[in-house]
Each structure stands twice: as structure tokens, then as C-alpha cells.
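Enquirer: turn this into a model:
(one chain, ligands or ions: 1)
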Amino acid sequence: MLKLYGFSKVNTVARGHTRDLRVLWALEEMQLPFELVGLDHPAHDLSTETYRQLSPFEQIPSIDDDGLRLSESAAILLYLAKKSGRLVPADRAGEAQVTRWCFAAMNSVEPPLLGLMVHDWTAEGGGDKHREFLVGWIHRVLGNLERWLAGRTFVATEDFSVADILMAHVLLSGVKDEELITPYAAVTAYRDRCLARPAWKRTIEAYCARVEPA
Ligand SMILES: N[C@@H](CCC(=O)N[C@@H](CS)C(=O)NCC(=O)O)C(=O)O
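Expert: Next up is the predicted model:
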């Protein structure tokens, strides 16, 4: 049985935004059976030698699929998509597009959003120039994504794919100030279209009922 390691308890600010939600959403879309192993972050459940065997950076999410151990949300989603034959096209060209947009979500869109989040947590009112740079970087990325999404329903292919789960989650949990994203009508509509899926609604409801705030 596939085991997914996710949070059972996490700090209030992160709760509802953690990256195990990407895997939970994918599993809900794919209707794959799994066992959830809940870890308590404040109790340091992630910082053990046993857990480091699954996740070298002591992070959530990770999976153990009958001995196949994997961390990194994008790698897990691509693995599950190929395993189930769902949320990824069967042809090589389509699969390449989905892979490309999984990397784009993780590597091109998430970094400036994460950078701003960390800045705002830590700057204590200083670092205006640094913040201005990060905001400019975000607008450049979102502006380019806006152009790409014009006339498209989903980001990688005509059908909803694991790349959309990653991208929509980044656009939801990475954007702490809605004003950053509202000028981008296509990006906002795309994110909201993905988040309107019944599988996401079931996923976030079950997560909120289960995961304790710390
Ligand atoms: N690149 C990793 C990042 C995973 C990550 O940042 N996980 C966070 C939760 S959303 C975590 O476990 N943080 C706990 C910690 O670093 O102590 C992925 O995409 O899976």
C-alpha cells in the first residue's frame, strides 16, 4: 500500500498551505488508495534518521510505495501520474509538456514568491530595495504566465494535468497578497478554475478537519 507522509500538526500560518496538499489533491483526482502517515512538525517528527531516509531535507511530502521512496512534490506527482496513467498524457510529446510545466511551477514561478514570503517574514521593516526587486521579479513571471495562458484552459496540455496541481498550488499558497495577482486576469481565472475542482475541495476540507494547528 502506498504510504504518504504528511503533516498531522503544523504551525497555524502554514496550515492549509503545505506541500503535502499537492500530493493529497493528486491522489484524490486519481482515486488511488493510500495510507496517510501524519507527522507532528513541532514535535520534530521530521528530524529523525528514519524519516531522513525518505526525505533528505527533513521535509513533507514524501512517499513510500512498497519500498520505492520518494520526496519532492513534483517528482512524486509525476511518479503517481505515470503509475496511474492519469493526469499525464500517454504520448511522449504530451508528457514532455507536463514535465516542463511541473519544472516551471517549481523553478520559475515559486522562487520569487517564496523569496518575497521569506523577506516579509524576516525584514522587520527594512530591506526596501530587496523587496522592490522581488516584487518586480514576481510581476515579470506573472506577466509572462499571463501571456502563456491567453486562450488556454490548462497550463501544459488541453487537459488538466499534474502540472496544473503544482501551478495552482503555487499561485494559491505562494501569493500572500492578492493584489500581486489581481492585475493578471488570465492567471487568476486559471488558478480559480483549478481550485474549483471537486477533488481540490474534498482535499482541503479533509486536510482542515484532520491537521491540527500548532
Ligand atoms: N521542494 C520540496 C519542498 C518541501 C517543503 O518545503 N516542505 C515544507 C512544508 S510545505 C516542510 O516540510 N517544512 C518543514 C521544514 O523544513 O522544517 C517539495 O516541493 O516537496
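
Enquirer: contacts, neighbours, all on C-alpha from now
Expert: Fine.

Enquirer: can you give me the strands in the protein?
Expert: Ranges of strands in the chain, per DSSP state E, are 2-10, 35-40, 62-65, 68-71, 212-213.

Enquirer: got CSV for those strands, with mean pLDDT, mean neighbour count and distance to the ligand too?
Expert: Below are these laid out as CSV (pLDDT from 0 to 100; neighbours: other Cα atoms under 10 Å; distance: least, Cα to the nearest ligand atom, whole Å):
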stretch, mean pLDDT, mean neighbour count, distance to the ligand
strand 2-10, 98, 21, 8
strand 35-40, 98, 15, 10
strand 62-65, 98, 20, 7
strand 68-71, 98, 16, 6
strand 212-213, 97, 14, 14
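
Enquirer: please tell me how far residue 188 sits from the ligand.
Expert: The gap separating residue 188 from the ligand is 22 Å, by Cα to the nearest ligand atom, to the nearest Å.

Enquirer: sorry, slip of the keys, the one I care about is residue 183.
Expert: The value you get for residue 183 to the ligand, if Cα to the nearest ligand atom is used, is 27 Å.

Enquirer: could you dump the strands of the chain to JSON lines with distance to residue 123?
Expert: Conversion of the strands of the chain to JSON lines gives the following (distance: least, Cα to Cα, whole Å):
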{"stretch": "strand 2-10", "distance to residue 123": "23"}
{"stretch": "strand 35-40", "distance to residue 123": "28"}
{"stretch": "strand 62-65", "distance to residue 123": "31"}
{"stretch": "strand 68-71", "distance to residue 123": "30"}
{"stretch": "strand 212-213", "distance to residue 123": "25"}
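
Enquirer: residue 79: which of these is closest?
Expert: Closest approach to residue 79 among those (Cα to Cα): strand 68-71, 8.9 Å.

Enquirer: which strands border that closest one, and is each parallel or antiparallel?
Expert: Based on DSSP bridges, the pairing partners of strand 68-71 within the sheet are strand 62-65 (antiparallel).

Enquirer: can you list the residues that contact the partner strand?
Expert: Defining contact as Cα atoms under 8 Å, 6 or more residues apart in numbering, one finds that strand 62-65 is touched by 1-6, 54-55, 69-73, 76.

Enquirer: for residue 90, see how far away residue 185 is.
Expert: Residue 185 is 31 Å from residue 90, where distance means Cα to Cα, to the nearest Å.

Enquirer: perfect, that will be all.
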